[in-house]
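**Student:** got a predicted structure plus its sequence, pasted below:
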Amino acid sequence: PNPLKRAADKVTEAVQGDGKGPEDGIPGKPAPQSPTLAEPTEPIEPLPPKPDQSGPDTMSPTGQATGAARARMAQSGAYLTDAQGVRRYDTDHSLKAGPRGPVLLQDHHLREKVMHFDHERIPERVVHARGAAAHGVFTSYGTASSVTKAAFLAPGVETPVFVRFSTVLGSRGSADTVRDTRGFATKFYTEEGVFDLVGNNMPVFFIQDAIKFPDIIHAGKPHPDREIPQAQSAHDTFWDFVTLHTEATHHTLWNMSDRGIPRSYRMMEGFGVHTFRLVAEDGSTTLVKFHWKPKLGVHSLVWEEAQLAGGVDPDFHRRDLADAIEAGAYPEWELGIQTFPDTPDQMFEGIDLLDATNIVPEELAPVQPIGRLTLNRNPSNFFAETEQVAFHVGHLVPGIDITDDPLLAGRLFSYLDTQITRLGGPNFAQIPINRPHAPVNDMHRDGFHQDAVHRGVAPYRPNSLDGGCPFLAGADNGAYIETPVRVPEGTKVREAPESFSDHFSQPRRFWLSMSAVEQEHIVGAYTFELGKCYEQAVKERALQVLANIDPGLCARVAEGLGLPAPEATVPFADVEPSPALSQVGQVWPTEGRLVGIVTADGGDLDGVRAVREAVLGADMVPLVVAPTGGTLGTGDDAVTVQRTFVTARSIEFDAVLVAGAPAAGGDAYGSRDAKALPSGPPAGTDPRVVQLLAEAYRHGKAIGAWAGGEAALEAAGVPVDAPGVVVGDDGAATLERVRELMGAHRVWERFTTTV
Ligand code: HDD
């Protein structure tokens, strides 16, 4: 059976209860439990783990044997114990001097339970606090073997990975769909040790030197007095910073583009950002930039969808990733590299490769695929894995080395340092998710949360008491040896090179590479964000920055703000657009996309069934939307409802179809609410269906209707002859035409106004 079907059939079941609260408490008598929630009195077999989650309990979350005898699966042991393994007979009542008497200090179970609870939270990441992760495998094509000796990049090698996606600014509980950069951090558990590629979904960064990182983050985080706004860049301090430090212009433009509001983690590119240095077996070196290319294409939300999702489903991206993996629609990316000769000046076609605010257009240096990443397993425990994973740009393996990018240098310090506060000490590499799969034989000892029971007496070398071990490896047996790069001689200075001072030609290239609709979205984003600022000086300075990118961009934003557009203060660079930067104009696979099918009792259920089958056949997910939960029709042919008019919202669907209506005079999309509305829409169409269709239309989604379903489109003000609206006689044929439209991601022709 199609694994996607499982996801489609998942129905939220209401907790059954008798509707009454517990009996009024009688002194001395514990309140009875609800009769429908009877407790088992003997241990019963626990539910089996979900197939997409971690394996047997003797394994760490990364699949490495832990050797620990204690069960790692919670709740799977027969008897409740305390932390010392002592069985407990009651965990609901404190020990008291009589049923109504004071609680006794000697109640160890109470104190231990509350003590542990009191310390369940650890400090969230200072940036990238909000995230979601998955396990997977990286399979190397071997195409990078000529430029790197990294063993995991040899032909056909499979390496387990753990990938964490994140937003940057928001707290751990913030919404997924805010406008922000997304983190894309990958831990490769290679045979030669851990390699972390800690990147973002944008190829450039706000700043050129890590010393400014605390400043940009202070500016982006909520204001320190009221701690608002959460997870937003639409406020004065952010815009104050990025307009005073014009090196931020390029990244800010990316953030204001559709890249700042991805449709899904599965549909984002990833970038290593910095230039890295690969080292081949023969010692030759090549400069590279890493790129992740998603199989499903690079897609975004529209701004209104992102805003709606923030309220309707703040876990939008987290849910999407976990559901897709659970359904067997495994997200995939190709890893690719752009290669550049390792020249002494580390420039390529006039672009400074050490300046992290620069891209090298793919047209100048094509991205060459070197392997495939597949995410195929959800974490079993969010805290143990997603929260405790610790990435570090300095986790490198032989064959991959760093460059002198000053942004990278500061990161090399920061990522070790931050874990000491966040994970409570220097032994975070021993946390199961962080454990290398290569044997570890370091001479680090002791410290908070030491998990190892080190043997021997001589954790130093050389020694003569522990057999002289450990020995040092050399180049022949896999040692990591820093590339002997010549350091330019010079005077110690706090300065940036002259080549770091062009802040506008790269943003101009990005702007000129966008399609008209993408430019429209960028104008909308700047107008929104600057419109949320209070300080006039900040808005005016931001317009000056825009004027230096492009006068048209500046004029359109200025109009929205009601301010005059300034003249440029720098000459415009003569840059060629890079078509690879645009997200529009290509056709992408539609696998894993969600199709809403709106119907009701008495609707064309045969048609609904046919559409469901066709959607599943195309490896997409059908979600039937009806007035209430349960099933439509009877017997074996009954159709399960996945979303009701109450729980459905357009943002969840990539396309919406309206099923054929019942016989004339029927009430397929009507409801009591609709009839009660004095000025309700025609044809008794439920206002929630009207909203769903109107939003789907506004957001450029493909819409279909068959056999009379178009009455609901008309009620929603959706012109049946508009681009991307398909009306047919037959459900499956209508779906086929809708699916073709979905390949372009949106019906771009519909965007004539700012969204
Ligand atoms: Fe960073 C986390 C990506 C610059 C300091 N960063 C963090 C994460 C990602 C990035 C994806 C989340 C990792 C996870 O999921 O646990 N950071 C970047 C990229 C940068 C960048 C692509 C520029 C190219 N970062 C950067 C600088 C500094 C930091 C310049 C400090 C000087 N970043 C950190 C950090 C974090 C972090 C404070 C917070 C949590 C953590 O490291 O483990 O050390």
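**Tutor:** It's in.
**Student:** the protein against the ligand: which residues are in contact?
**Tutor:** Counting by CB under 6 Å from any ligand atom, the chain comes close to the ligand at 125-128, 131, 164, 166, 183, 185, 198-200, 205, 210, 213, 273-274, 356, 389-391, 407, 410-411, 414-415, 418. (C-beta placed from N, C-alpha, C; glycine too.)
**Student:** now do the domain split for the chain, please.
**Tutor:** Domain ranges of the chain: 82-120, 132-236+261-296+312-434, 509-581, 594-750, per automatic domain parsing.
**Student:** pick out the shakiest of those, pLDDT-wise.
**Tutor:** If these are sorted by mean pLDDT, domain 594-750 sits at the bottom with a mean of 86.
**Student:** ends of that one, how far apart?
**Tutor:** 20 Å (CA to CA, to the nearest Å).
**Student:** OK, now which residue of the stretch 501-650 of the chain is nearest to the ligand?
**Tutor:** Using CB to the nearest ligand atom, the single residue of the stretch 501-650 of the chain nearest to the ligand is Gln506, 15.0 Å away.
**Student:** can you pull the contacts of that residue?
**Tutor:** Residues counted as contacts of Gln506 (CB atoms under 8 Å, 6 or more residues apart in numbering) are 204, 250, 357-359, 575.
**Student:** now with 6 Å?
**Tutor:** 250, 358 (CB atoms under 6 Å, 6 or more residues apart in numbering).
**Student:** same question, Ile217
**Tutor:** Val127.
**Student:** need the domains of the chain in a markdown table (columns: distance to Gly490).
**Tutor:** As requested, these are exported to a markdown table (distance: least, CB to CB, whole Å):
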| stretch | distance to Gly490 |
| --- | --- |
| domain 82-120 | 49 |
| domain 132-236+261-296+312-434 | 12 |
| domain 509-581 | 28 |
| domain 594-750 | 49 |
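**Student:** rewinding a little: now, of the residues of the chain next to the ligand, which are buried?
**Tutor:** 125, 127-128, 131, 164, 166, 183, 185, 198-200, 205, 210, 213, 273-274, 356, 389-391, 407, 410-411, 414-415, 418 (16 or more other CB atoms under 10 Å).
**Student:** so which of these sit within helices?
**Tutor:** Taking DSSP state H, the ones among those that sit in helices are 213, 407, 410-411, 414-415, 418.
**Student:** want to throw these into a markdown table with distance to Val689?
**Tutor:** Converted to a markdown table, these look like this (distance: CB to CB, whole Å):
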| residue | distance to Val689 |
| --- | --- |
| Phe213 | 48 |
| Leu407 | 50 |
| Gly410 | 53 |
| Arg411 | 50 |
| Ser414 | 51 |
| Tyr415 | 49 |
| Thr418 | 49 |
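**Student:** among those residues, which two are most distant?
**Tutor:** Largest separation among those by CB to CB: Leu407 and Thr418, giving 16.0 Å.
**Student:** and the residue nearest to Thr246 when sequence neighbours are not counted, helix, strand or coil?
**Tutor:** In this structure, Thr246 finds its nearest non-sequential neighbour in His503, 4.2 Å apart by CB to CB, 6 or more residues apart in numbering. Three-state call for His503 (DSSP: H, G, I helix; E, B strand; the rest coil): coil.
**Student:** my guess is His503 meets Ala248, correct?
**Tutor:** No. In this structure, His503 is not within contact of Ala248 by CB atoms under 6 Å, at 8.2 Å.
**Student:** roughly how far does Ala306 sit from the ligand?
**Tutor:** Noted for Ala306: a distance of 20 Å to the ligand, by CB to the nearest ligand atom, to the nearest Å.
**Student:** likewise for His299?
**Tutor:** 20 Å.
**Student:** just Val689 next, same as before
**Tutor:** Applying CB to the nearest ligand atom to Val689 and the ligand gives a distance of 40 Å.
**Student:** tell me, how many neighbours does that residue end up with?
**Tutor:** 27 (other CB atoms under 10 Å).
**Student:** ok so, going back, tell me which of the domains of the chain lies nearest to Glu495.
**Tutor:** domain 132-236+261-296+312-434 (10.0 Å).
**Student:** can you get me the start-to-end distance on the closest one?
**Tutor:** Span of domain 132-236+261-296+312-434 from end to end, CA to CA: 16 Å.
**Student:** check stretch 269-281 too.
**Tutor:** 30 Å.
**Student:** numbering from 337 from now on, please.
**Tutor:** Fine by me, first position is 337 from now on; the one you just mentioned is stretch 605-617.
**Student:** list the contacts of the closest residue to Tyr601 other than its chain neighbours.
**Tutor:** Closest residue to Tyr601 apart from its sequence neighbours, by CB to CB, 6+ apart: Phe501 at 4.3 Å. Neighbour list for Phe501: 467-468, 520, 601 [criterion: CB under 6 Å, 6+ apart].
**Student:** repeat the analysis, applying 8 Å as the threshold.
**Tutor:** Taking CB under 8 Å, 6+ apart as the test, what Phe501 contacts is 467-469, 518-521, 601, 604, 653, 657.
**Student:** tell me which residues form a beta bridge with it?
**Tutor:** Following DSSP bridges, Phe501 is listed with bridge partners Ala468, Phe520.
**Student:** check this protein for me, the residue farthest from its geometric middle.
**Tutor:** For the chain, the residue at maximal distance from the C-alpha centroid (CA atoms, centre = their mean) is Gly434, at 52.6 Å.
**Student:** name the element that residue belongs to?
**Tutor:** For Gly434, there is no host helix or strand (DSSP states H and E).
**Student:** show me where the stretch 787-936 of the chain has strands.
**Tutor:** Read by DSSP state E, counting those that start in this stretch, the stretch 787-936 of the chain holds these strands, from start to end of the chain: 930-934.
**Student:** likewise the stretch 437-586 of the chain?
**Tutor:** 467-476, 494-503, 518-526, 529-536.
**Student:** the stretch 987-1091 of the chain now?
**Tutor:** Using DSSP E, counting those that start in this stretch, strands in the stretch 987-1091 of the chain cover 991-994, 1038-1042, 1061-1064.
**Student:** residues in contact with the nearest residue to Ala487 once chain neighbours are set aside?
**Tutor:** With sequence-adjacent residues excluded and distances taken as CB to CB, 6+ apart, Ala487 is closest to Glu528, at 5.2 Å. Glu528 makes contact with 486-488, 733-734, 774, 814, according to CB under 8 Å, 6+ apart.
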